[in-house]
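A.B. asks: need a 3D model of the sequence below.
(2 chains)
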Amino acid sequence: MISRSERPALRCRSAHNRPPDERIRPPFVRRTTESRRGFESPVLAFLTIFLFATPLSAQETLAIKAERVIPISGPEIQNGVILVRGGKITAVGKDLPIPDGAKVLEAKVAMPGMIEAHGWRGMDSPNENVPVVPFVTTADGLDPVHFSIEDALRDGITTIHVIPGNNTVVGGTGVVIKPVGSTIDAVMVRRPSGMKLSLQPSGGRNRMAQAAELRKAFDDYDEYVRARTERPAGGRRASEEDEFDPRQIPIRELLAGRLAAFVYCPRDSDVLKAIELIEQRKLKASLVLGPECRKSAPIIAKKGLKVVLDAQVVVWETDDDTGREIRHVVPLYFHKAGVPFALQAQTGTYGSRYLWYQAATAVSYGVPRDAALRSITLTPAEILGMADRVGSLAAGKDANILLLTGDPLDTRTWVDKVVLEGSLVYDRATDSRLQKLLTGREAGK
Amino acid sequence: MKAGRLLALMVVITPAASVADTLVLRNARIFTVRSGIIERGGILIRDGKIASVGKIGAVSPGATVIDLAGKAVMPGIVDANARFGMSRDNEEAAEVTPGIRAKTLADLNSPEMKRALQAGVTTACFTPGSANVIGGICGVVKTGGRTRAEMSRRESPAVRASLGQDVFASNNSFRGPGGEGLANITNRRPNSRMAAVWELRKALFEADRYPALAGMLAGKVPLRIHARTENDIRVVFTLMDEFNLKRVILDDAVEAYQVADQIAARRIPVVLGPFSDPQSSTPEGTDALLNTAGLLASKGIRIAFGSNGGDPGQLLSWAALAVRNGLSSELALRAITLSAAEIAGVADSVGSIEPGKDGDLLILSGDPLQITSRVEKVIIRGQVVHHDK
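C.D. replies: I've put the predicted structure just below:
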């Protein structure tokens, strides 16, 4: 096992690890250097199983040559070259000259790292029992060396959104992580990522009580702000310097449009309620939808919202009149309506745990290939507000690149290597866990 | 698409056993399963049976002809271990219930049956659930057809027994609080893995009490044993020797790869499925692999897939993923067709595309073993029973 000191890629907190806007980082999540150290233990370091190549220094250039480069943001390039420097893509093109001294990696197919728009990887319990908890963050709950995060890397998912679950009302904020690193700070890409709001009846509330509770959370915030600015007789008016209740800060950020909302609508009837709240409160929001919400695709299109679809790509319905079983292909409804959609994987299941499998399933039922590939790369990047950094292969973007053995939607294709922020972080040839699962033998035996 | 509609129309308007009962598929990429792939070939189905495969000459006027323009055709999928459309799949009055017939538990009009049919499952070998030491008798049905009678098939392809957690996990402890409970029907034996073995041994020892077991002990029908863990599979070997069991089939044998050499030497076929992600929670905490099918096949073991309480619509995907993980394409396709038919005892009529067999075929949008392909048409005995719009 390589010792920690030999793996600078894991230890460095690059600029990407800092939140893009310190202003919106609430004080309750600010950590001291001491507490950060508290996360680092030799045990965790040992648990990180992947062996990493030496990262390139800022001056070194990495060149990825691929028979096919799939940039997502543009047409496919035959015999393409991707140049990487300082963790960023500097150029993508056909037969680009490779600078002297550049490290060269070759692949059949190269594409951007896949992006999981919504999920609970690394969380043992994603839901808090108290219904309105805007102040909790998945950063305090997620285990960065969880198997599911390790799987994300071998499955080609390089950007992971970990957000609180749906069994709350105001569930708390999420974080965007990368699947490489043994501490929460090492894996951090962006915090907070967004706030979970849920219309799924939970905690014994029925559907109308759940909606009322959600509206009340915002009304309570209004009341807090009103009480703060209209101090009672004898008191002075609160000024900017007065401490804002840290429990309310995430709601303030949400209403100011500095924090995105992810509104979960399990049923079709929840969609209108979500849209009403979004419009009333002028929220920057995306919808996280249950399969039934396919019926609302046209209205969602009219509102210009983006959606994260359920991991169940295909659902069945019995036609009461004919007794026939009707298959509904959920992403097809949104594609036809012109709604940008992201597909989810079903972590821990056979097959649908892979994002490519979800996309391939959508293609089998008629979703065009380009739309399906976009739904696991650039669209989730847009939903996370990170399309300037990830989701496609273009100059200036983070060098999160998959080197594949074949077409991404071909069942027989494997993720061969993963380059993350310019460093080679995964090589199938040294993935001893995968070898064990395929051969039944431990590596070297 | 047009041809499909036309065909569906003709099925409705033409009387049975006329020339319209002749279906010809032309220009097909035929996955015969038994004898490789035929490019740009034809299939002639007459009166529900495959009459010829390969070059099809002139056909009588009135026959339905579909030009597939190179699309893939494979045999209808055979689910080797079906449990769908059963409201309850275990008889709970006793732990040894050899007289129960799984076929009678399957609801032929259930939504699950219709979905399985649309997904390309044309034949299903129903097995009793795995909660009883001896659950009953397996039965094969067709998932679709003109009449219900046409769906029914063989009477007794196998007797089904079970070992392991499924048998004992739901049974309460014999010695309940206060010592009561002996009279309670839920307080059943066995309560442990070892007692499950004992109950099975006892049932085999007393086989003359159960008429359904006689044929099995005489070697006329096989004994299918649900055994996921390596230790339960080893128990199966012991029982085979002890009771001179000639024909045994292992069901859901997740850890079979650990004793693959012995399974191969004893010529025991293995039915796998449903598949779980080995990185996640697996049934009975078994040490599952991604490539169990490939490893067993490399030892020459006959393998088949069965939905076994999972979604039968996944069988084709499982075959595709098995290829990804190391099984050959040929054997993956065989695992959901011919091998499954052999295990179910119906390989004389289904499981491959060859003359004399039932005209049970699937037309696919692409390579059957790619997730990007889907089943477009399902044909049972020469009749299009489903076509995807």
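A.B. asks: just the pLDDT for residue 258.
C.D. replies: Since no chain was named, I'll use chain A. A:R258 is assigned a pLDDT of 96 by the prediction.
A.B. asks: try again with chain B
C.D. replies: 97.
A.B. asks: check contacts around it.
C.D. replies: With contacts defined as CB atoms under 8 Å, 6 or more residues apart in numbering or on different chains, B:Q258 is in contact with A:G440, B:E230, B:I233, B:D287. To be clear about C-beta, it is placed using only N, CA and C from the backbone, and glycine gets the same treatment.
A.B. asks: residues near A:R327, how many?
C.D. replies: 16 (other CB atoms under 10 Å in any protein chain shown).
A.B. asks: so whichever strand or helix holds it, near chain B or not?
C.D. replies: Assigned by DSSP states H and E, A:R327 belongs to strand A:325-329. Yes: using CB under 8 Å from any CB of the partner chain, strand A:325-329 reaches chain B at A:E325, A:R327.
A.B. asks: any idea which residue of the stretch 251-389 of chain B lies closest to chain A?
C.D. replies: Per CB to the nearest CB, B:S280 is where the stretch 251-389 of chain B lies closest to chain A, at 3.3 Å.
A.B. asks: helix, strand, or coil at that residue?
C.D. replies: Following DSSP: H, G, I helix; E, B strand; the rest coil, the label given to B:S280 is coil.
A.B. asks: A:G93 too?
C.D. replies: strand.
A.B. asks: tell me the contacts of it?
C.D. replies: For A:G93, counting by CB under 8 Å, 6+ apart, the contacting residues are A:I77, A:G80, A:V81.
A.B. asks: spell out which parts of chain B neighbour chain A.
C.D. replies: Counting by CB under 8 Å from any CB, chain B sits next to chain A at B:109, B:111, B:114-115, B:118, B:257-258, B:274-281, B:289-291, B:294-295, B:314, B:317-318, B:320-321, B:323-326, B:365, B:369-374.
A.B. asks: residue nearest the middle of the chain, spatially speaking?
C.D. replies: You didn't say which chain, so I picked chain A. A:H161 (2.7 Å; CA atoms, centre = their mean).
A.B. asks: hmm, I had chain B in mind actually
C.D. replies: Geometric centre of chain B, nearest residue: B:A80, 1.3 Å, by CA atoms, centre = their mean.
A.B. asks: if I look at that residue, how far off is B:V271?
C.D. replies: As judged by CB to CB, to the nearest Å, B:A80 and B:V271 stand 5 Å apart.
A.B. asks: mutual contacts of the two, please.
C.D. replies: Each of B:A304, B:F305, B:G306, B:A340, B:I343 lies in contact with both B:A80 and B:V271 under the rule CB under 8 Å, 6+ apart.
A.B. asks: tell me which two in those residues are the farthest apart.
C.D. replies: Longest distance between any two of the shared contacts of B:A80 and B:V271 is 10.2 Å, between B:F305 and B:I343; criterion CB to CB.
A.B. asks: intersection of neighbour lists for these two?
C.D. replies: In terms of CB under 8 Å, 6+ apart, B:F305 and B:I343 are both contacted by the residues B:A80, B:V271.
A.B. asks: list the contacts for the residue in chain A positioned nearest to chain B?
C.D. replies: Closest approach between chain A and chain B, counting by CB to the nearest CB: A:G348, at 3.3 Å. A:G348 sits next to A:S148, B:D277, B:Q279, B:S280, B:S281 when contact means CB under 8 Å, 6+ apart.
A.B. asks: quick one: list the elements packing against the next helix or strand after the strand holding A:R327.
C.D. replies: Following strand A:325-329 in sequence order, the next helix or strand is helix A:330-337 (DSSP H and E). Helices and strands touching helix A:330-337, by 3 or more CB pairs under 8 Å, 6 or more residues apart in numbering or on different chains; DSSP states H and E, are helix A:297-303, strand A:341-342, helix A:369-374.
A.B. asks: which parts of helix A:330-337 are buried?
C.D. replies: A:V330, A:P331, A:L332, A:Y333, A:F334, A:H335, A:A337 (16 or more other CB atoms under 10 Å in any protein chain shown).
A.B. asks: just how off-centre is it within its chain?
C.D. replies: Relative to the chain's own centre, helix A:330-337 is displaced by 21 Å; criterion: CA atoms, centre = their mean, to the nearest Å.
A.B. asks: tell me what angle it forms with strand A:325-329.
C.D. replies: Here helix A:330-337 points in a direction 60 degrees away from that of strand A:325-329 (axes from the mean of the first three to the mean of the last three CA atoms, to 10 degrees).
A.B. asks: ok, and what's touching helix A:330-337?
C.D. replies: For helix A:330-337, the surrounding residues in contact (CB under 8 Å, 6+ apart) are A:291, A:294-295, A:297-298, A:300-301, A:307, A:309-310, A:312-315, A:341, A:343, A:362, A:365-368, A:371-372, A:375.
A.B. asks: mind giving me the PyMOL select for these, buried ones only?
C.D. replies: Buried residues among the contacts of helix A:330-337 (16+ other CB under 10 Å), as a PyMOL selection:
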select buried, chain A and resi 291+294+297+300+301+307+309+310+313+314+341+343+362+365+367+371+372+375
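A.B. asks: for whichever strand or helix holds the residue nearest to the centre of chain B, packing partners?
C.D. replies: Under the criterion of DSSP H and E, B:A80 resides in strand B:77-82. The contact analysis (3+ CB pairs under 8 Å, 6+ apart) places strand B:77-82 against strand B:121-126, strand B:303-305, helix B:315-325, helix B:338-344.
A.B. asks: list the buried residues in the longest helix seen in chain A.
C.D. replies: In terms of residue count, the longest helix belonging to chain A (DSSP state H) is helix A:207-229. Neighbour counts over helix A:207-229 (16+ other CB under 10 Å) mark A:A209, A:Q210, A:A211, A:E213, A:L214, A:K216, A:A217, A:F218, A:Y221, A:Y224, A:V225 as buried.
A.B. asks: same question for stretch A:124-134.
C.D. replies: Quick answer for stretch A:124-134 (16+ other CB under 10 Å): A:P126, A:N127, A:E128, A:P131, A:V132, A:V133, A:P134.
A.B. asks: now do stretch A:101-120
C.D. replies: Those would be A:102, A:105, A:107, A:109-120, for stretch A:101-120 by 16+ other CB under 10 Å.
A.B. asks: show me these that map onto strands.
C.D. replies: A:L105, A:A107, A:V109, A:A110, A:M111, A:P112, A:M114, A:I115, A:E116 (DSSP state E).
A.B. asks: looks like the last one contacts A:A152 (just checking).
C.D. replies: Yes: the pair A:E116 and A:A152 qualifies as a contact (CB atoms under 8 Å) at a distance of 7.0 Å.
A.B. asks: what's the overlap in contacts for the two?
C.D. replies: Contacts common to A:E116 and A:A152, judged by CB under 8 Å, 6+ apart, are A:I160.
A.B. asks: so what's B:G129 up against?
C.D. replies: Counted by CB under 8 Å, 6+ apart, B:G129 has contacts B:R83, B:M86, B:R88, B:D89, B:N90, B:G135, B:D166, B:G309.
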